[in-house]
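[1] okay, predicted coordinates and the sequence, questions at the end:
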Amino acid sequence: MAVEIPPLIAPSRLRRRGGLWGECLAEFLGTLVLIAFGCGSVAMTVAALPGSGRTEGPTTFFLGAGDWLLISWGWAFAVAFGVYVAGGVSGAHLNPAVTLAFAVRRKFPWAKVVPYWVAQVVGAFVGAALVYGVYHDAINTFDHAMKGPKTHGHTVASFSIFATFPAPYFHGGYWGPLVDQIVGTALLVMLIVAVVDLRNTAVKANLGPLVIGFAVAAIGISYGANAGYAINPARDFGPRLLTFFAGWGDLALPGSEPGSFSAYWWIPVVGPLVGGVVGVLVYDLFVGDVLHIRAQEAELPEVGRTRGTTSDEE
């Protein structure tokens, strides 16, 4: 806004919030927004719409592949708005995998990595608590109506509102979901660094957050079913902690359901951290290094055209 907005807190108390503390507050709020909209969209799909009489039955959801779009686009908007909220202060990583990748290859200070991670996980926890508070009745009604295995009255379906688990076709194995998380997060970080790279065809007019949201939608549509496309350790672990304390028990931590999967909690943490580094390295190897060389030579050929040879100049 063009007008000057006076601070809510006295300027003398604001000084320490101008540095790392302020950046962590922005990461906290941005990640809270991310989870509030993202998990909120899943709560709508899984529990609220069926329970409100807007589907064929109180436990009916996912009648077709198109229903997945509600969640995919919900997370896309969640990421976009989270980045818009925090971007001007912290850069809006909102994801420990992004923070680590930027520390490895974008000169992000290593001293800020752990504080950012803490802020992101706490923001995700509070965002999940907000969703649980708003949809508590819908979730309990859904779980009561559902048949099948339950943990302290809760089901895997309601757990999916908050955190992720592997598809049954992995038969409880780790490698499939782990590779899925590495690949999905590598694509996410590769697309993020491409969007924000001013040397490349960078997104202009402050549309970067929206395009990054589109990237998340693309990953969800293309790679979402294998393991719920957490692609963000804070996005999974913060809500997972919430569900542990809220009564989902072993489903949340260590992330086990007898006969389906066990001790799964670390997959959506380790996989994205590895994938984020892979993504930024792949981008720099195939694109970033080329842009760097061209910038040094200060002579940019036309897009898609190689430099001329002696015979071309004759």
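    Here it is on my side, so go on. Not measured: the values here are computed from a predicted model.
[2] who's in contact with the nearest residue to Q181 once chain neighbours are set aside?
    Excluding the flanking residues, the one nearest Q181 by C-beta to C-beta, 6 or more residues apart in numbering is G271, at 2.7 Å. In short, each C-beta sits where N, CA and C put it, glycine included. Contact analysis of G271 by C-beta atoms under 8 Å, 6 or more residues apart in numbering lists P177, L178, V179, D180, Q181, I182, T185, A230.
[3] now, these that are in helices?
    Of those, the ones assigned to helices by DSSP state H are P177, L178, V179, D180, Q181, I182, T185.
[4] I212: which of those residues is nearest?
    T185 (13.4 Å; C-beta to C-beta).
[5] contacting residues around the closest residue to that closest one other than its chain neighbours?
    Excluding the flanking residues, the one nearest T185 by C-beta to C-beta, 6+ apart is G275, at 3.1 Å. Contacts here follow C-beta under 8 Å, 6+ apart; on that basis G275 touches A97, Q181, I182, V183, G184, T185, A186, L188, V189, I231.
[6] against V211, how distant is V203?
    5 Å (C-beta to C-beta, to the nearest Å).
[7] mutual contacts of the two, please.
    V195.
[8] gap between the two ends of stretch 204-211?
    The straight-line separation of the ends of stretch 204-211 (C-alpha to C-alpha, to the nearest Å) is 10 Å.
[9] kindly apply the preceding question to stretch 98-117 instead.
    10 Å.
[10] does A163 sit in a helix, a strand or a coil?
    coil (DSSP: H, G, I helix; E, B strand; the rest coil).
[11] what's the pLDDT at it?
    In this prediction, A163 carries a pLDDT score of 98.
[12] wait, isn't it in contact with L241?
    No. Counting by C-beta atoms under 8 Å, A163 stays clear of L241, with 9.1 Å between them.
[13] so which of the two has more stuff around it?
    Between A163 and L241, A163 has the larger neighbour count (other C-beta atoms under 10 Å), namely 28 against 21.
[14] quick one: that one and Y132, what's the gap?
    From A163 to Y132 the distance is 12 Å (C-beta to C-beta).
[15] then Y264?
    Y264 is 20 Å from Y132, by C-beta to C-beta.
[16] for the two, indicate the residue with more neighbours.
    Legend: neighbour count by other C-beta under 10 Å for Y264 and Y132, higher for Y264 (25 against 19).
[17] any idea which residue sits dead centre in this protein?
    Closest to where the C-alpha atoms of the chain average out (C-alpha atoms, centre = their mean) is N232, at 4.5 Å.
[18] show me which of the ones in helices among the contacts of G271 are buried.
    Among the ones in helices among the contacts of G271, those classed as buried by 16 or more other C-beta atoms under 10 Å are P177, L178, D180, Q181, I182, T185.
[19] the lengthiest helix in the chain: how far from the chain's middle?
    Using DSSP H to define each element, the chain has its longest helix at helix 113-145. Centroid displacement of helix 113-145 relative to its chain, using C-alpha atoms, centre = their mean, to the nearest Å, is 14 Å.
[20] just checking, what packs against that helix?
    Using 3 or more C-beta pairs under 8 Å, 6 or more residues apart in numbering; DSSP states H and E, the elements in contact with helix 113-145 are helix 20-43, helix 49-51, helix 96-105, helix 156-159, helix 233-243.
[21] figure out which of those helices is closest to G88.
    Judging those by C-beta to C-beta, what sits closest to G88 is helix 20-43, at 7.9 Å.
[22] tell me what angle the closest one forms with helix 96-105.
    Between helix 20-43 and helix 96-105, the angle comes out at 140 degrees (axes from the mean of the first three to the mean of the last three C-alpha atoms, to 10 degrees).
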